[in-house]
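Colleague: Below is the sequence, then the predicted model.
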Amino acid sequence: MKKLLPILLFLICLTASAQLKVGNIDLNFGETIENKDGDVIKIAGENNNIIYALARKKKKFFLQTFNPSTKAFKSSSLLEFDKINGSKLLVEDLTIVGEKVFLMLSYYDKKAKTYNFLAKEIEGKKIVKTTNVLSVEVESKSKRGSFVFTPSFDEFNYLIAHVGINSRKEQLKYTVTLLDDNLTAVFTDSYEIVFEEKNRQLFDFSDVQVNEHGDVLIATTESYRDKKKKTSVNNITIHSYLAKSNYKKQVTNVSLSGKRALNCSLMETKDNTLHAIGFYSDIKKSGRAEWTVEGIYDVTFNYSTGEVTKKTFNEFTFDVKKQLIGERRAKKGKDLKPFYRNISFVERDNGGVIVLSEYKVIIEGRSSGIGPLSITPYTYITNEIIVTALKKDGTLDWSNVIPKEQQVTVSELGFSFGFLGGSGGVTVSAGFYFPLAILGSGPEYLSAIPIYHNGQLTVLVNDDPKNIGITNMDDVRKVRNVNKMIPVAFSFNEQTGALTRLDPSDFEKKQIVVKPATKYSKTSNNYLIYGGNKKGSALGELILN
């Protein structure tokens, strides 16, 4: 019996965990989590030999911990907080900065008319300290604006920005503060512009980055029609705060002649070059922008000096358009609809940049119920991904399309999208992927995990087993049931962009399904991941061999 005991224990562990191989990707999950305190929606990383994660069950949030070697579940604690001046605290983020774990929250102070961002330091499972790191005056609760936040590349700093509008003053303002690992403000700055919605002025707070040097880089786009001059004004503005210059603000304005930037994302490469990349549309003779997307632009900067080195506009190729809108429309020169969103950027070994742009639409259904008790159905659609490889100078090297059709519908209680500043002309793209408030209910199964390692791009997505072997967009079947998905990998030839589909060699009908929105990057080829099925969920590890 003693000899059989180790064998029995091994078999129990083997059945309690799950391993899957997709091409050269290993997906190793720990044992199924027996705890019923919701699903993990954010993996913060590892601290003091503990993996910290944030879980959600309906409107309740939990702090959960896991064993880093076995990925086994350790503990779960309900996050409950007293109201402040009658206002409820909203969970925004769980993050590790330096050697400390922080839970980030926000609340609106009705008496002071301020919107506040809090950080609660966590040791083990206990909150040991609370710090109000940013407080901004706002017009009202309904026009309180939006917080944007991100850790630095090396996770030593944490940046928080607030974007809002004062409708009475017709003033748009953003406030930014950079914190060190002790939550001490390294610098704080504000920027204000007059915003006239009546002139069809469009403004987007597009992206924020904090590099390993502690430099803060912010990109905004602005577009409006000057009726008097009968011209269209379209600008990209880069605000740079460099550590070596004691964070003195440096502003670079880029005017786009005959083009309009629909969005903008920042990508810094090793040679101190900053790439501002996004979609663009052409300007009509009347001065108004086209509704469709013409291609991808790349504006390169020397961010140390603020000098613009090159502006490049790359139209989508015929082959890409043929896959997306059909050969007949592509031959007529038709462009793509503006439903694509840049979801990832990777620096190539040759100094260029690979851009992944995903078709993404959120459809809001008709609400049922009254006020805060209303239930609204939301349909999330994340389809094909355009993969664009740019050379070091920003010109097009190659492009291709990852075929997929994913869809999930969820019902949310009292949740509303839209910019909280109250103006239809202002958007905040920075930091927006899937809000914490909707993760744990279905959208986390969508989209992709891009992996770039040793000059090779591999993209992991969930797909229907009926699509095994299919690479043609027209033949792809739509995935509606997330529990039936299987992981699939697409790899790209670095020189030509040729696509290879890699399906799992073996899988089960009720296996664990990966949740791409819930991941944490340890290295370029190693991720902490999370997955689930009807039997339960588990924490795991993705390794690209």
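Modeller: Ah, there it is. In this text, all values refer to a predicted model and were calculated from it rather than measured experimentally.
Colleague: ok, how many other residues are close to the closest residue to residue 269 other than its chain neighbours?
Modeller: Excluding the flanking residues, the one nearest residue 269 by Cβ to Cβ, 6 or more residues apart in numbering is residue 347, at 5.2 Å. Just so you know, the C-beta spots here come from the backbone N, C-alpha and C atoms, and that holds for glycine as well. Other residues near residue 347 number 17, with proximity taken as other Cβ atoms under 10 Å.
Colleague: Also the one 5 residues further on?
Modeller: For residue 352, the tally of surrounding residues (other Cβ under 10 Å) stands at 20.
Colleague: Residue 396 now?
Modeller: Residue 396 has 19 neighbouring residues, counting by other Cβ under 10 Å.
Colleague: do the same with the one 10 residues further on
Modeller: By the criterion of other Cβ under 10 Å, residue 406 has 27 neighbours.
Colleague: Quick check: it vs residue 486, distance?
Modeller: Noted for residue 406: a distance of 13 Å to residue 486, by Cβ to Cβ, to the nearest Å.
Colleague: residues shared between the contacts of those two?
Modeller: With contacts defined as Cβ atoms under 8 Å, 6 or more residues apart in numbering, the residues adjacent to both residue 406 and residue 486 are residue 462.
Colleague: quick revisit: what's the distance between the residue nearest to residue 269 and residue 378?
Modeller: Distance of residue 347 to residue 378, computed by Cβ to Cβ: 34 Å.
Colleague: do residue 215 as well
Modeller: 37 Å.
Colleague: Now residue 328: which helix or strand?
Modeller: Here residue 328 sits within helix 327-331, counting by DSSP states H and E.
Colleague: partners of whichever helix or strand comes after that helix, with directions?
Modeller: Downstream of helix 327-331, the next assigned helix or strand under DSSP H and E is strand 340-347. With DSSP bridges as the criterion, the sheet partners recorded for strand 340-347 are strand 353-364 (antiparallel).
Colleague: Touching the strand it pairs with from outside, list them.
Modeller: Contact partners of strand 353-364, identified using Cβ under 8 Å, 6+ apart, comprise 267, 269, 275, 277, 279, 296, 298, 339-348, 376-390, 417, 447-448, 450, 452, 457, 459.
Colleague: Mind checking which of the residues you listed are in strands?
Modeller: 267, 275, 277, 279, 296, 298, 340-347, 376-390, 448, 450, 452, 457, 459 (DSSP state E).
Colleague: Any of the residues you listed buried? List them.
Modeller: 267, 275, 277, 279, 296, 298, 340-347, 376, 378, 380-390, 448, 450, 452, 457, 459 (16 or more other Cβ atoms under 10 Å).
Colleague: Endpoint to endpoint, stretch 171-191 covers what distance?
Modeller: Between the opening and closing residues of stretch 171-191 lies a distance of 10 Å (Cα to Cα, to the nearest Å).
Colleague: what mean pLDDT does it have?
Modeller: Over the span of stretch 171-191, the pLDDT mean works out to 92.
Colleague: Can you give the distance of that stretch from its chain's centre?
Modeller: Here the centre of mass of C-alpha atoms in stretch 171-191, compared against the chain's by Cα atoms, centre = their mean, to the nearest Å, lies 21 Å away.
Colleague: Quick one: list the elements packing against the helix holding residue 328.
Modeller: Helices and strands touching helix 327-331, as assessed by 3 or more Cβ pairs under 8 Å, 6 or more residues apart in numbering; DSSP states H and E, comprise helix 318-325.
Colleague: which of the residues in the helix it packs on are buried?
Modeller: For helix 318-325, burial by neighbour count (16+ other Cβ under 10 Å) applies to 320, 321, 322, 323, 324, 325.
Colleague: Just give me the closest of those residues to residue 495.
Modeller: When those are compared for distance to residue 495 (Cβ to Cβ), residue 320 comes out closest, at 17.8 Å.
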